[in-house]
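Q: predicted model and sequence follow; I will ask about them next.
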Amino acid sequence: MINVIDKFTDLLGKIISWLTVVMLLNVLIVVVARYFLGFGSIALQESVTYLHCAVFMLGLSYTLKHDGHVRVDILYRNYSNKNKAMVNFLGGLFFLVPLSILLFVTSWDYVLASWSIRETSAENNGLPFVYLLKSLMLVMPLTLLIQGLVEILRNGMFIFKPLVSGQDSTKSTKESTM
């Protein structure tokens, strides 16, 4: 099951990486159209915002999987792999999981209200899909929670497996589950 979730997260990350290219092209078109051709498109400008939200909100689980989050590692960088795994295990269990659940629960009514009226842009020629954009507020904590649980399990296996099977505990947490 861990491998299936990891593959899904990697696939999502690859799709999102292409969204950044689309977003870059949209920004280029907006700038050229506005400053060189003298016209603009609200829908095109809003599409940049939609893509930006999608990249960041859907990219969180991919970033977590690849340990790409920024951390203040004054102490962490000097820890052994086992201590790093313990920090990641406890951090995931006591911070990531509750925060993901809180975000999902508190966003539920907000997203449902948007869907119930099929919320559209406040701008005249804006995109009519605000409710889809707001749905990312449910997808993001869900994908983050699922990948977070995988990382908790992965780190837990790294921490506790050497105690059970007598394996060498000098491997990193990523190496031990591959």
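A: Looks like it arrived, so ask away.
Q: and residue 118, which of the three is it?
A: Here residue 118 is recorded as coil under DSSP: H, G, I helix; E, B strand; the rest coil.
Q: residue 131 is in contact with that one, correct?
A: Yes - under the contact definition of Cβ atoms under 8 Å, residue 118 touches residue 131, with a separation of 5.7 Å. (C-beta placed from N, C-alpha, C; glycine too.)
Q: more neighbours: which of those two?
A: In this view residue 118 and residue 131 are compared by other Cβ atoms under 10 Å, and residue 131 has more residues nearby, 17 against 11.
Q: how about that one, what does it touch?
A: 111, 114, 115, 117, 118, 119 (Cβ atoms under 8 Å, 6 or more residues apart in numbering).
Q: buried sites along stretch 136-155?
A: Burial within stretch 136-155, assessed by neighbour count using 16 or more other Cβ atoms under 10 Å, is assigned to 136-141, 143-145, 147-155.
Q: contacting residues for residue 20?
A: Listed by Cβ under 8 Å, 6+ apart, the contact set of residue 20 reads 51, 55.
Q: whoops, I mixed them up, residue 126
A: Under the contact definition (Cβ under 8 Å, 6+ apart), the residues listed for residue 126 are 42, 43, 46, 120.
Q: which of the residues you listed lies closest to residue 85?
A: residue 46 (42.6 Å; Cβ to Cβ).
Q: just say helix, strand or coil for that closest one.
A: Assigned by three-state DSSP, the conformation of residue 46 is helix.
Q: what about it, how many neighbours?
A: As a burial measure, the neighbour count of residue 46 was computed by other Cβ under 10 Å and equals 19.
Q: hmm, residue 124 and it touching each other?
A: No - Residue 46 sits out of contact with residue 124 when judged by Cβ under 8 Å, with a separation of 11.6 Å.
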